[in-house]
Every structure is written in structure tokens, then in C-alpha cells.
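In: what's the 3D shape of this:
(3 chains)
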Amino acid sequence: MDRSSTVTAIRSWFADNARDLPWRRPEATPWQIMVSEFMLQQTPVARVLGPWQAWVDRWPEPAALAAAPTGDAIRAWGRLGYPRRALRLHAAATAITDRHDGQVPDDHDQLLALPGVGAYTAAAIHAFAFGGTAPVLDTNVRRVLLRLSSTTALPPAHITRAERDQAADWAPDHRPDQWWAAAMELGALVCTARTPDCTSCPVASACTWLAAGQPPPDQPRRGQAWVGTDRQCRGALMAVLRSHDGEVYTDELAAAWQDGAQRERCLASLVADGLIVVTDVGHRLP
DNA sequence: GAGGCGTGGGC
DNA sequence: TGCCCAAGCCT
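Out: Numbering: from 1, shown residues only, chains lettered A, B, ... in the order given. Sure, this is the predicted structure:
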């Protein structure tokens, strides 16, 4: 199976198997697509659906979000994780309101300049909202292309220039946005990281990794440390603060995390990040 | 450029 | 049961 046939087979599979996600519907606006891309950074689709709908209902355009306090955005973010993304989305909405007349820019470099928008998100918004052609290289697409063309199970943590150039060679001339969406969906539903369903894969016969006997990842990747970390501490503190409308007394935060020195350090870092503010008696969302 | 940054589900 | 992973970004 040559490359062109592989691309065609994946696109055909996508036509039959794509999930009906609200931000993929024809009526989805660039802003709705942009909100979905922020929420989907490191967060599974299933957990995004609810908060996304509530978010776009409440703030149907960037200017509406920009007019709200950042604390409202943080609370609406709920338990999606990485709440700094809520701040960055708010900051991006403000920038769009100030610099782009309230319209999500259709220019790739202007997208890339927005807070919280990196290489992936800029390419994704550009492709899915405006038909842009930059390679949309998320972890799914990277894994699919890597397995098709090598005996390596999982992509490395960081993208190299070479990987980006090679990925760009896969894009067809016609509707490359649909190709990237198709490759992404195949990675999300079939060519998954842990237990790929190769028997359901439309391009199994073209897969180098499968032909090599599905060799496992070289080195076990170091797991994300969690218990006792500042990340866990910050999460526990933010959960308490999200659950209150106003101020939270210092004792209540102390009950949420025993280690006083770590608690103070994390509170300070949350203040520095703009996720919380200091009050007379404790802290609150901004 | 290596590491920090949430949260929860699946195996 | 723990461990791994998830549509990354920023410093």
C-alpha cells in the first residue's frame, strides 16, 4: 500500500467512523472550535463535552469572555485540570477583542501569537476553523505516522524539525484539514497508545510497527510524579477555592493540605500565576 | 530543552 | 492495585 492509498484508506475510514463531536459540526464557529482546542490540551474528549457546552453557551463570543472576571473562567473550567489554561483562554479572548475586532483571526501567525496557543493549537484552529494547511501534529497523529513508518511504538516527548517535515509530506493537496482530523481520530479510537485495535485498523497492512510484531516502547517513560508534589497540593487548594463563592479562610485551606511550608509555597505560586488573590482573611478566586 | 503544570478513567 | 495516558504550553 503506497502512501497515497494509505491516506485515502484513513480518510475513508474517517468518513464512516468519525465521532459526532459538537465542535466538528458545520455550524461550529471559530470561537467554539478554539475553546475546544484549549480544553482538549491534555484532556480526553469525554471530559470536555460538558464544560465545553456550558462555556460556549455562557460566552458565545470572545468579547463576552473577555468582559467576565478571570475567576468566572476558572470556576467554569471545573475539574478539567491545568486551570492555567482557563486564564490563557481568557487572555486570548481579551487579545482577540482588543487586536482583532473580536473575531478569531484566520491567520496562522496571529493565532500562534495568542496566549496559550502553541504550534499544535494554532495549526488545529487554522485547519478546522478556516481550512488551513499547516500540519496538525498532536500526540495521536504523531503516533499513527510513527507506527506506519517505523518500528517505534510511541513518539518522544518533544517534536523535532525532522518529524514535522516528514509529517508535512503526508498531507494531501485536497482538504488537508480532513486528513489531519482523520489521522487524529484513528489515533484516538484505534491506534491508541496502550492497547491498539489493529484488527480494526484500515491500514494495518501498511503498518511497519505491526509488521515488526508491535515492539513495546524502548524505555518505560518516567511516570508523572504525583503524590506529595506541588501539583497535587495546588490542585487540592484550587478545589477548595473553586467550591466557594467568595473568600476562603486560611484555616480552611490549612485543612486541605497539611504540610504548612508546601501549602504556603503553593499558595504563593497560585497567586503569582493569577489563579487566586490574597484577601484580608485568606484567599479567593480573582 | 527539560521539567512543571491537574484530573480522572482504563487496564 | 498502581501505573499510564490524555487534541500541549510555557519558561
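In: Residues of the stretch 101-250 of chain A that sit close to DNA strand C?
Out: Contact residues (Cβ under 7 Å from any atom of the strand) of the stretch 101-250 of chain A with DNA strand C: A:115-122, A:124, A:138-140, A:143, A:154, A:184-185, A:187-188, A:192-194, A:217, A:220-221, A:223-224. All C-beta spots, glycine's among them, are computed from the backbone N, C-alpha and C.
In: contacting residues for the residue nearest to residue A:246 when sequence neighbours are not counted?
Out: Counting by Cβ to Cβ, 6 or more residues apart in numbering, residue A:246 lies nearest to residue A:284, which is 5.8 Å off, once chain neighbours are set aside. Counting by Cβ atoms under 8 Å, 6 or more residues apart in numbering, residue A:284 makes contact with A:71, A:241, A:244, A:246, A:247, A:248, A:276, A:277.
In: Take those residues and keep only those in helices.
Out: A:71, A:241 (DSSP state H).
In: could you flag which of the contacts of residue A:284 are buried?
Out: Buried members of these, scored by 16 or more other Cβ atoms under 10 Å, are A:71, A:241, A:247, A:248, A:276.
In: Closest one of these to residue A:62?
Out: residue A:71 (18.0 Å; Cβ to Cβ).
In: For DNA strand B, see how far away the closest one is.
Out: From residue A:71 across to DNA strand B, the span is 14 Å (Cβ to the nearest atom of the strand, to the nearest Å).
In: out of everything not next to it in sequence, what's closest to that residue?
Out: residue A:285 (3.4 Å).
In: Tell me which residues touch the residue in the stretch 51-200 of chain A positioned nearest to DNA strand C, please.
Out: Residue nearest to DNA strand C within the stretch 51-200 of chain A: residue A:118 (2.6 Å; Cβ to the nearest atom of the strand). When contacts are counted by Cβ under 8 Å, 6+ apart, residue A:118 touches residue A:112.
In: Check residue A:26 too.
Out: Applying Cβ under 8 Å, 6+ apart, no residues contact residue A:26.
In: Also the one 3 residues further on?
Out: By Cβ under 8 Å, 6+ apart, the contact list for residue A:29 reads A:61, A:104, A:129.
In: I'd like to check what contacts the strand or helix carrying the last one. Which residues are they?
Out: In this case it means residue A:129. Under the criterion of DSSP states H and E, residue A:129 resides in helix A:119-130. If you take Cβ under 8 Å, 6+ apart as the criterion, helix A:119-130 is touched by A:23-24, A:28-30, A:33-34, A:37-38, A:41, A:104, A:106, A:108, A:111-112, A:117, A:132-138, A:159, A:176-177, A:180-181.
In: Any stretches of chain A with poor pLDDT?
Out: A:219-224 (pLDDT under 70).
In: Show me how the record splits it into domains.
Out: A:3-130, A:230-284 (the TED database).
In: Endpoints of the first one, how far apart?
Out: Which is domain A:3-130. 26 Å (Cα to Cα, to the nearest Å).
In: Off-centre distance for that domain?
Out: In terms of Cα atoms, centre = their mean, to the nearest Å, the centre of domain A:3-130 is set 8 Å apart from its chain centre.
In: could you check whether stretch A:270-279 is close to DNA strand C?
Out: No. Stretch A:270-279 does not reach DNA strand C (Cβ under 7 Å from any atom of the strand); its nearest approach is 9.9 Å.
In: residues of that stretch that come out buried?
Out: Buried residues in stretch A:270-279 (16+ other Cβ under 10 Å): A:270, A:275, A:276.
In: Look up how far residue A:50 lies from the second one.
Out: Per Cβ to Cβ, to the nearest Å, residue A:275 is found 22 Å from residue A:50.
In: Check the gap between the residue nearest to residue A:196 when sequence neighbours are not counted and DNA strand B for me.
Out: Nearest non-adjacent residue to residue A:196, counting by Cβ to Cβ, 6+ apart: residue A:190, 6.5 Å away. Going from residue A:190 to DNA strand B by Cβ to the nearest atom of the strand gives 12 Å.
In: Could you double-check that residue A:190 sits in contact with residue A:203?
Out: No. Shown here, residue A:190 and residue A:203 do not form a contact pair, counting by Cβ atoms under 8 Å, at 9.5 Å.
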